[in-house]
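>>> Here is a sequence with its predicted model. Questions after.
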Amino acid sequence: MAAITNSESIKNLCIEFSEKLKVIHSGGGAKKIAEQHEKGKLTARERIERLIDKGSPMIEIGAFAAYDMYKEYGGCPSAGVVVVLGYVCNRLCVIVANDATVKAGAWFPMTAKKNLRAQEIAMENKLPIIYLVDSAGIFLPLQDEVFADKEHFGRIFRNNAVLSSMGIPQIAAIMGSCVAGGAYLPILSDEALIVDKTGTVFLAGSFLVKSAIGEDIDNETLGGATTHCEISGVTDYKCANDDDCLKKIRNIISKLGHNPKAGFDRTTPKPPKERPNEIYDILPADRTKPYDMKQIIKRLVDNSELDEYKELYGKSIICGLARIEGWAVGIVANQRLLVKTKKNEMQMGGVIYSDAADKAARFIMNCNQKKIPLLFLHDVTGFMVGSRAEMGGIIKDGAKMVSAMANSVVPKFTVIVGNSYGAGNYAMCGKAFDPRLIYAWPTAQIAVMSGASAAKTLLQIKIASLKNSGKEISKEQEQTLLNEIIQHYESKTSPYYAASQLWVDGIIDPLETRKIISIGIEAANHNPEWKPYNVGIIQT
């Protein structure tokens with residue numbers, strides 16, 4: 001049997017990712033989807049598909065949120081809510097749709113986190129946000145993890161109010177259940193639609209009303225479309241069915257006024273000259289092996305052209321200007337080749353050295369001066385360590401890069417190509433530093449350090465602990481323990497674990513990268529508000 005090639009190995013990772021995504025897209029499964037249809041309702045994904053412009057590009061946020069979590073409750077695919085960036089009547093919008101096939105659309109802890117991420121994207125980019133509401137409310141067995149804290153359920157209503165004060169349009173459609181505190185979301189929005197016979201909104205359902213005040217009433221009379229469109233005036237539009245509701249939303253969006261743009265430069269898009277699918281050959285399946293990141297970049301950027309900044313200096317980071325789908329971008333990428341400096345010194349690939357950190361900081365400041373969005377491509381094991389690096393001021397130069405990046409006022413986008421370890425993750429604009437979008441390839445690994453390094457450290461701690469308690473272990477037991485530690489540690493460095501926790505907005509095939517960055521910059525271009533670029537104090 002022939003050995004598997006590198007290209008086949010990377011493609012297999014992408015196929016595995018695609019198969020997992022198909023399962024997630026089925027939500028609660030065929031039976032639950034059929035039940036939704038029997039009620040005359042579309043599923044969350046069907047609603048989105050009919051709402052957005054046919055044939056237009058779309059990107060999903062958080063498809064793998066809650067992946068492999070809440071197993072004791074039967075799981076919660078995609079955290080029970082679908083979030084996309086898509087075009088409605090040629091307007092880029094954030095769309096949030098509860099998936100009623102997953103626990104009746106109930107809110108799990110990750111559901112709240114994902115909704116907050118959707119609102120954050122709308123706020124950062126000043127994009128209209130559309131809520132397609134169909135939820136049974138907070139998942140009661142986990143209410144203590146959803147209800148009371150700052151980043152819990154209530155923060156969504158706070159954001160509703162803030163979005164409104166910012167002049168960002170919010171349209172809410174009640175297309176199923178909308179109960180208890182969740183009832184405030186559509187009514188805190190600018191306009192609320194409700195679907196007749198299937199949409200209901202109330203602070204307490206009929207069973208709770210009966211137990212609380214002894215009143216006998218059915219849910220439709222209590223909070224259906226007729227009640228709220230003809231009597232209470234709570235909702236603004238009564239819709240005959242899901243399709244009618246989606247049509248009305250499109251009509252509303254089509255009439256929105258237009259605001260000034262940020263003014264990021266865009267020319268006619270050009271495909272890369274180098275074939276993008278050659279990325280599968282260039283990127284090694286073994287994450288410890290070197291490769292030339294410039295060859296990856298050439299297959300991502302227009303016309304395969306990169307105007308490299310300080311090409312012969314600080315070679316462990318590549319900095320340069322390029323275009324992606326016509327948009328001007330400043331690229332900061334980790335170089336994985338073993339490179340030779342002018343002083344004939346060899347630098348390990350994937351490590352950030354002082355000269356590279358200094359170069360990157362200067363380049364980041366230049367992009368802010370020129371109003372050019374930044375794209376960070378991760379394959380980093382961290383900053384250089386050792387006495388020579390410390391005496392050369394690696395901490396100072398690393399801090400300079402972090403400060404320049406953290407204070408950037410231009411939009412930042414992050415793609416995790418391979419490793420993303422420790423402070424390298426931070427300096428390259430990891431999740432903690434507010435990238436507008438952050439995605440991972442199936443080859444990504446995210447952790448404080450590599451599995452091999454961490455496992456050896458953890459093993460020594462474990463052995464020392466056993467010896468202190470008077471126990472000795474054999475070499476065979478030591479190896480078994482090491483293997484167990486590596487397996488456990490590496491399970492939490494995978495892109496799927498990162499995506500389940502929303503450390504990244506999603507996992508993508510490398511060939512989707514251009515689309516993600518293009519839509520991301522277009523979204524960012526909707527926010528014209530700027531503050532002065534000020535990095536504060538930087539030690540030089």
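Okay, I see it.
>>> What distance separates the opening and closing residues of stretch 145-163?
Using Cα to Cα, to the nearest Å, the gap from the first to the last residue of stretch 145-163 comes to 24 Å.
>>> and Ile194, which of the three is it?
strand (DSSP: H, G, I helix; E, B strand; the rest coil).
>>> list the contacts for it?
173-174, 201, 224-225, 228-229, 235, 237-239 (Cβ atoms under 8 Å, 6 or more residues apart in numbering). Every C-beta, even on glycine, is put in place using the N, C-alpha and C of the backbone.
>>> rerun at 10 Å
If a contact means Cβ atoms under 10 Å, 6 or more residues apart in numbering, then Ile194 has 133, 172-175, 178, 186, 200-201, 223-229, 234-239, 245 as its contacts.
>>> quick one: it from Leu163, how far?
In this view, Ile194 and Leu163 are 21 Å apart by Cβ to Cβ, to the nearest Å.
>>> now Ala356
Plainly put, Ala356 is 40 Å away from Leu163 if you go by Cβ to Cβ.
>>> helices or strands up against the helix or strand where Leu458 lies?
Leu458 belongs to helix 451-468 when assigned by DSSP states H and E. Helix 451-468 sits against strand 445-447, helix 475-491, with contacts defined as 3 or more Cβ pairs under 10 Å, 6 or more residues apart in numbering; DSSP states H and E.
>>> Residues touching the shortest one, excluding its own?
Here strand 445-447 makes contact (Cβ under 10 Å, 6+ apart) with 287, 378-379, 416, 418-422, 425, 430-431, 440, 451, 453-454, 489-490, 492-495, 497-499, 501, 503-504.
>>> Restricted to buried residues, select those residues in ChimeraX.
Applying 16 or more other Cβ atoms under 10 Å to the contacts of strand 445-447, the buried members can be selected in ChimeraX as follows:
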select :287,378,379,416,418,419,420,421,422,425,430,431,440,451,453,454,489,490,493,494,495,497,498,499,501,503,504
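>>> okay, Ala356 and Leu163: which has more neighbours?
Set Ala356 next to Leu163 and count neighbours by other Cβ atoms under 10 Å: Ala356 wins out with 29 against 21.
>>> and the closest residue to Asp68 other than its chain neighbours, how many residues sit next to it?
Nearest residue to Asp68, sequence neighbours excluded (Cβ to Cβ, 6 or more residues apart in numbering): Ser500, at 6.0 Å. Neighbours of Ser500 under the rule other Cβ under 10 Å: 20.
>>> again with Ile48
23.
>>> measure the nearest residue to Trp530 once chain neighbours are set aside to Val535 for me?
Closest residue in space to Trp530, ignoring its immediate chain neighbours: Val409 at 5.9 Å, by Cβ to Cβ, 6+ apart. According to Cβ to Cβ, Val409 and Val535 sit 10 Å apart.
>>> who's more crowded, these two?
Using other Cβ under 10 Å, the more surrounded residue of Val409 and Val535 is Val535, with 16 against 13.
>>> ok, now how distant is the residue lying closest to the more buried one once chain neighbours are set aside from Phe433?
The shortest distance from Val535 to any non-neighbouring residue, by Cβ to Cβ, 6+ apart, is to Asn407 (4.7 Å). Separation of Asn407 from Phe433 (Cβ to Cβ): 10 Å.
>>> what do you get for Glu19?
Relative to Phe433, Glu19 is positioned 32 Å away (Cβ to Cβ).
>>> Comparing the two, which residue is more hemmed in?
Phe433 (19 against 9).
>>> ok, and the closest non-adjacent residue to that one?
Ala406 is the one closest to Phe433 (Cβ to Cβ, 6+ apart), at 5.5 Å.
>>> State the number of residues packed around that neighbour.
Ala406 has 17 neighbours, counted by other Cβ under 10 Å.
>>> Let me see the ranges of the strands in the stretch 301-450 of the chain.
Along the stretch 301-450 of the chain, counting by DSSP state E, counting those that start in this stretch, strands occupy 307-308, 317-324, 327-334, 339-340, 346-347, 351-352, 374-380, 382-383, 412-421, 437-440, 445-447.
>>> So for Arg514, which of these sits nearest?
The minimum distance between Arg514 and the strands of the stretch 301-450 of the chain falls on strand 317-324, with 5.5 Å, by Cβ to Cβ.
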